[in-house]
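Undergrad: coords please:
(2 chains)
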There are 2 protein chains.
Amino acid sequence: MFNFQHLIIGKPLRTEEGAQEKLPKWKALSIFSSDALSSVGYGPEQIIVTLAIPGMLIYGYFGYATIAVIALLATVTLSYVQVARANPGGGGSYSIALQNLGETPALIAAASLIADYVLTVAVSVSAGTDALVSAFPALIGKEMSINLVVLFGVLTVFNLRGVRESSNIFVWPTYLFILGITCLIGTGIYKALTGITPIIPAASLVKQQADWVIIILALRAFANGCSSMTGIEAISNGVTMFKEPTVKNAIKTTYSMAALLGFMIAGISFLFMHYHLLPEENATMLSQLAEQIVGRGWAYYYIQITTMLILFLAANTAYNGLPPLLSIMARDSYVPRYLGEKGERLGYSKGILLLSFISATLIIVFNGNVEHLISLYAIGVFLSFTIAQTSLVVKWRREKGTGWISRVALNSFGACVTGIVVLVISITKFSHGAWIVIVFIPTMIYILKSIHSHYITTANQLRVSPEDFINRLEIYQPKNLVIVPISGITKVVAASIRYSKTLGGDIIVLYVYTDEEDCRRFKEKWNNLNLDIPLRVLYSPYRSIVQPVLGYVSELEMQKSIYHYITIVIPEFEPAKWWHRLLHNQTGWILRTLLILRENVIVSTLPYHLKK
Amino acid sequence: MFNFQHLIIGKPLRTEEGAQEKLPKWKALSIFSSDALSSVGYGPEQIIVTLAIPGMLIYGYFGYATIAVIALLATVTLSYVQVARANPGGGGSYSIALQNLGETPALIAAASLIADYVLTVAVSVSAGTDALVSAFPALIGKEMSINLVVLFGVLTVFNLRGVRESSNIFVWPTYLFILGITCLIGTGIYKALTGITPIIPAASLVKQQADWVIIILALRAFANGCSSMTGIEAISNGVTMFKEPTVKNAIKTTYSMAALLGFMIAGISFLFMHYHLLPEENATMLSQLAEQIVGRGWAYYYIQITTMLILFLAANTAYNGLPPLLSIMARDSYVPRYLGEKGERLGYSKGILLLSFISATLIIVFNGNVEHLISLYAIGVFLSFTIAQTSLVVKWRREKGTGWISRVALNSFGACVTGIVVLVISITKFSHGAWIVIVFIPTMIYILKSIHSHYITTANQLRVSPEDFINRLEIYQPKNLVIVPISGITKVVAASIRYSKTLGGDIIVLYVYTDEEDCRRFKEKWNNLNLDIPLRVLYSPYRSIVQPVLGYVSELEMQKSIYHYITIVIPEFEPAKWWHRLLHNQTGWILRTLLILRENVIVSTLPYHLKK
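TA: Residues are numbered from 1 along each chain as shown, chains lettered A, B, ... in the order given. Predicted structure coming up:
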């Protein structure tokens, strides 16, 4: 068992080995940026889907929407550089909101981020599988198996092994994808400039006179386009994973990522307009574009496979984001404490497994068709953007450090813009699923606050002063009654009684019977032993062993006897072969589970090893 | 939880209430005969399927095969009356084989019966659902849900409630089915006699010259027809469930059942030949016959629905057969003992649940298409017939009671005939799935013998003489070392130490640390308490709490110290709300599970109740 585990995830690492597990910039870029970069596969398409309505001439708003998205990207990037700087401990918007705005805004940000990460895994894994299956139709029908193999066999295992190793394996796909898309854009632009068709055909510039319907559609197109920006926050949540100087490296990497993303969105949108592409049923627009520019040859398969790989990497981003966030929240007692414990390989193994299981559930429940959730998580992301920047405004105003006025201006502007984006998405997409987010976030906050309150009240109940501690040990000398339930006269019973005699309390032996005759014979045998231990027999009308024992214990409790503790000694067979366990009924186990609910009733489990 | 259980299966019954739960003959007939009677729905058809091969003229052998089946039925019935008489304690062929032939033949019979019962449930439930769905096409696609609802919602619940109640609810379908089929046969024969077509048309009498191929096909047809006889043994396995005089009532019921079955097989086969019916793709031959005789009106639906009901009842037969068989085998230590325990309602509840879960697994694995297993279980049934009758031959010869010679003659004849049937089915259907049975039975025997041997060696290991028992208690005075693992200075720790002090042994407090600084601070606090209890600190390089504790215990064990027992006191939080349990990690539980594998290490679980 243990060796198998070590084979899969590697031998345990000592705590001191932790410091090595840090990322250089070029590796961090590949790990943190895949979520953001992979979204160019659907972001520009999401804009056109809204605008390319038959009978309406509003394709012309595409350019404006794209420019708005890129401008927003620039704003968000500049703001997020401040987040990384203000909060080198990681945790992103949650941590800075907790420091500057208080509990509720921090939990809103946390709930948004949690939803975002889980959706990223579910959506990216299924989208990556779809890309693979489109390229190799022989795999049709095996999507669910591929999803689960990628999720558990690849992502979970590599993340449990630890960050650096996952980086070594996952580092190339991002660069191959960047190379592919860059070449595609370069070739496309070269062909556009040297071709005979106009750069942007008139059809792509047509736009109807603006009225309310058109404005709402254009805003919804912009809202959809914002899905390109999901993942931009990944770096600010994982600052601690960078090599020294962590903050500086994180900031540089953020700039590189944003530049790459902006370039790709701009290039692809330009080419969409140049070729005046429209959405089709069975092919993504990116694959249409690749077909237009390079034809359906090896280059097409290159784009398809690197798209698949970067989507799986995008799922991996969440593994680098959610477990550290949960560990910070665990330290603050908002999620179960054990989510903050580092596993054998120094990763937050329980957080990793939790993320895998929740994502697998989503994929299974939606049967792999989770793509329509893509635009949903944009709300969560922008909500956390808004909260993060508002927090920074509060922070800069309070600290009044060098250049605080320009910082306040920058972050105020960012907060306003992203806040408006949240409103735009919520309103224009309310009936398209935005309501789910609006239900999820308050529910999640309620849960997080309940957990927090449990930990706080528990700590208060357990806290004790040194004086009180000593008093509790010395007030009076408690007495112990030892009960040994037995079913006959065997070696196990001898072992139980012998142990009970070491316990320094009075002993009672308990015999449960369902048949008068059996009981009579047992009493005779017992009396012949002439032991100085009282026997108590109990009749069980309903043939259960457990109920009479529980009833007897209740009776003793009610009698307010001289005993402060009741200790029940229950033997547990340890059979020689594992399957023998199936042959013994679990009376001992059931008894233990039910007795532990009583106060001052202690269950002592005595192992009895069978030799064959 | 408990009230919910009582709502579904009724309040618990006292052991003394058991005597009431006995069946009068007319109810017993409906409960035990449905398996046998329902097989007229497919038995005759199974014969024709083999004979109606395009291009071969062998339909004419149908009559001979049917006569052979009916003759066999008579022989088996007479023999089985002897089984009931020889073995009033129930358990059928297993019990008499164990008494007369020895272990292995008894286990062959038991394995055959177990396979038979499980297949009966799986096959009958899915066939019943198919009958329902054929009548109401709106239910197409919901077959699996219907199967599982019938299995768990109806059969399991009613059998857990107890025999008499199930009888009251399940009693009518059998009689309605008998009435329907009898009317169908009566109407058919009346029409045949008053009609203008010849009673048996020439086409139905055509048979090719016999050669080896024809003989094998005719034998296979006969072998298939033997599937009509599955279920005939049900009564002899359940003799104890009859009202007094049990044996006499059981025998009368067996005769009634066999007579009904013989009449139906003969009538239906005659009508098949009269109308010269041939198997069709999408309708059972019984439904073709009903359509020929009464048209597709209400009478057709009556036949269809009573067929469904009797099939579900046939599944119910297995619930009246397998759990009592398992309880007898449990008494003999061939299956887990708890299968012999009566539940709250005096049914063998664990056997009932086991049967439901195994059948559900079969239905799910075969996706409800288990019909092709129908002819398989005939082998098992005839194997157990052969063994039962051979056992009786041995018994009569040994006892030499009144009329023993004619009994020996009857049962020897029966044993030979059914033995030949086993050979015929095994050979003619070997590649059609008979090999599965031939693999299953030896495997099952191996498992049953392993279980038996475990119980016997366990009993031998536990057995103790009164002198030895007293010696074991008095040899020497064992000493106890009490270990209290703690993680800080809290009220729980105070409670644990206070309890430990009552245990009459030396106490050591154990503190596991992962951080030097934490450890130093803890030591300081502990020393300030000035308790007279030694503290031992352990460093955990891999951040696990469990490993260092296990290591420390191993160390103590190897030191061969003065202590005979090591008792570890582990507090268990009992939170105020159930979900709070999810917020505490299960270190205590893991520690207990791993420590219990050591010898002489006792785990004492001390409950600590949180008030809020």
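
Undergrad: for the rest of this, base every contact and every neighbour count on C-alpha atoms.
TA: Fine.

Undergrad: in the stretch 101-250 of chain A, which spans are helices?
TA: A:103-135, A:143-148, A:157-161, A:163-194, A:212-225, A:234-237, A:246-274 (DSSP state H, counting those that start in this stretch).

Undergrad: mind listing what the closest residue to chain B within the stretch 251-400 of chain A touches?
TA: Of all residues in the stretch 251-400 of chain A, the one sitting closest to chain B is residue A:336 (4.7 Å; Cα to the nearest Cα). Contacts for residue A:336 (Cα atoms under 8 Å, 6 or more residues apart in numbering or on different chains) come out as A:330, A:451, B:582, B:583, B:584.

Undergrad: please name the nearest non-neighbouring residue to the fourth one.
TA: Nearest residue to residue B:583 in three dimensions, chain neighbours excluded: residue A:336, at 4.7 Å (Cα to Cα, 6 or more residues apart in numbering or on different chains).

Undergrad: close to chain B: what parts of the stretch 401-550 of chain A are there?
TA: For the stretch 401-550 of chain A, the residues in contact with chain B (Cα under 8 Å from any Cα of the partner chain) are A:451, A:454, A:457-458, A:461-464, A:466, A:469-470, A:472-473, A:477-480, A:489-492, A:494-495, A:497-499, A:502-505, A:514, A:529, A:531, A:541-543.

Undergrad: tell me which of those fall in strands.
TA: Counted as lying in strands by DSSP state E, out of these, are residue A:480.

Undergrad: for PyMOL, write the select line for the buried members of the residues of the stretch 401-550 of chain A next to chain B.
TA: A single PyMOL command selects the buried members of these (16 or more other Cα atoms under 10 Å in any protein chain shown):
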select buried, chain A and resi 451+454+463+464+469+472+473+478+479+480+489+490+491+492+494+495+497+498+499+502+503+504+505+514+541+542+543
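
Undergrad: give the helix, strand or coil label for residue A:334.
TA: With DSSP: H, G, I helix; E, B strand; the rest coil as the basis, residue A:334 sits in coil.

Undergrad: from residue A:439, how far off is it?
TA: As judged by Cα to Cα, to the nearest Å, residue A:334 and residue A:439 stand 19 Å apart.

Undergrad: more crowded one of these two?
TA: residue A:334 (23 against 10; other Cα atoms under 10 Å in any protein chain shown).

Undergrad: quick one: the nearest residue to that one once chain neighbours are set aside from residue A:103, how far?
TA: Using Cα to Cα, 6+ apart and skipping the chain neighbours, the partner closest in space to residue A:334 is residue A:452 (4.7 Å). Look at residue A:452 and residue A:103: by Cα to Cα, they are 11 Å apart.

Undergrad: counting neighbours, go ahead and name the busier of those two.
TA: Using other Cα under 10 Å as the criterion, residue A:452 and residue A:103 rank with residue A:452 on top: 19 against 15.

Undergrad: how much space separates that one from chain B?
TA: According to Cα to the nearest Cα, to the nearest Å, residue A:452 and chain B sit 10 Å apart.

Undergrad: check contacts around that residue.
TA: By Cα under 8 Å, 6+ apart, the contact set of residue A:452 is A:332, A:333, A:334, A:335.

Undergrad: ok so, going back, what's the closest of the helices of the stretch 101-250 of chain A to chain B?
TA: Comparing the helices of the stretch 101-250 of chain A against chain B with Cα to the nearest Cα, the closest turns out to be helix A:157-161 (14.3 Å).

Undergrad: so does that closest one get close to chain B?
TA: No - Helix A:157-161 lies apart from chain B when judged by Cα under 8 Å from any Cα; the minimum separation is 14.3 Å.

Undergrad: next one: that helix to chain centre, how far?
TA: Using Cα atoms, centre = their mean, to the nearest Å, the distance from the centre of helix A:157-161 to the centre of the chain it belongs to is 15 Å.

Undergrad: and it, what does it pack against?
TA: Packing partners of helix A:157-161 (3 or more Cα pairs under 8 Å, 6 or more residues apart in numbering or on different chains; DSSP states H and E): helix A:2-9, helix A:163-194, helix A:349-365.

Undergrad: any chance of those in CSV, plus distance to chain B and mean pLDDT?
TA: Shown next, in CSV, are the helices and strands packed on helix A:157-161 (distance: least, Cα to the nearest Cα, whole Å; pLDDT from 0 to 100):
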stretch, distance to chain B, mean pLDDT
helix A:2-9, 12, 66
helix A:163-194, 17, 83
helix A:349-365, 11, 90
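
Undergrad: which among those is found nearest to residue A:292?
TA: helix A:163-194 (8.8 Å; Cα to Cα).

Undergrad: and the gap between residue A:100 and residue A:94?
TA: 10 Å.

Undergrad: who has more neighbours, the two?
TA: Legend: neighbour count by other Cα under 10 Å for residue A:100 and residue A:94, higher for residue A:94 (29 against 19).

Undergrad: if we can go back for a sec, just the buried ones from the contacts of residue A:336?
TA: A:330, A:451, B:583, B:584.

Undergrad: which SSE is the first one in?
TA: Right, the one you point to is residue A:330. helix A:298-331 (DSSP states H and E).

Undergrad: now do that helix: which elements does it pack against?
TA: Partner elements for helix A:298-331 (3+ Cα pairs under 8 Å, 6+ apart): helix A:25-38, helix A:103-135, helix A:163-194, helix A:234-237, helix A:285-294, helix A:349-365.

Undergrad: buried stuff in that helix?
TA: Buried-residue list, helix A:298-331, by 16+ other Cα under 10 Å: A:299-301, A:303-330.

Undergrad: contact partners for the spatially most central residue of chain A?
TA: In chain A, the residue lying closest to the centroid (Cα atoms, centre = their mean) is residue A:355, at 3.3 Å. Contacts for residue A:355 (Cα under 8 Å, 6+ apart) come out as A:118, A:319, A:322, A:323.

Undergrad: please apply the same query to residue A:8.
TA: By Cα under 8 Å, 6+ apart, the contact set of residue A:8 is A:157, A:161.

Undergrad: from residue B:355, how far out is it?
TA: Taking Cα to Cα, one finds residue A:8 at 38 Å from residue B:355.

Undergrad: returning to what we had before: worst mean pLDDT among the helices of the stretch 101-250 of chain A?
TA: Lowest mean pLDDT of the helices of the stretch 101-250 of chain A: helix A:234-237, a mean of 78.

Undergrad: quick one: distance of that one to the chain centre.
TA: 15 Å.

Undergrad: next: stretch A:399-418.
TA: 31 Å.

Undergrad: in chain A, which helix or strand is least confident?
TA: Lowest by mean pLDDT, DSSP states H and E among the helices and strands of chain A is helix A:2-9, with a mean of 66.

Undergrad: tell me the residue of chain A that sits nearest chain B?
TA: residue A:604 (4.1 Å).

Undergrad: is it true that that residue lies in a strand?
TA: Yes - under three-state DSSP, residue A:604 sits within a strand.

Undergrad: so what's the closest residue to it other than its chain neighbours up against?
TA: Spatial nearest neighbour of residue A:604, chain neighbours left out: residue B:604 (4.1 Å); criterion: Cα to Cα, 6+ apart. The contact partners of residue B:604, by Cα under 8 Å, 6+ apart, come to A:602, A:603, A:604, A:605, B:567, B:568, B:569, B:570.

Undergrad: kind regards, and thank you for your time.
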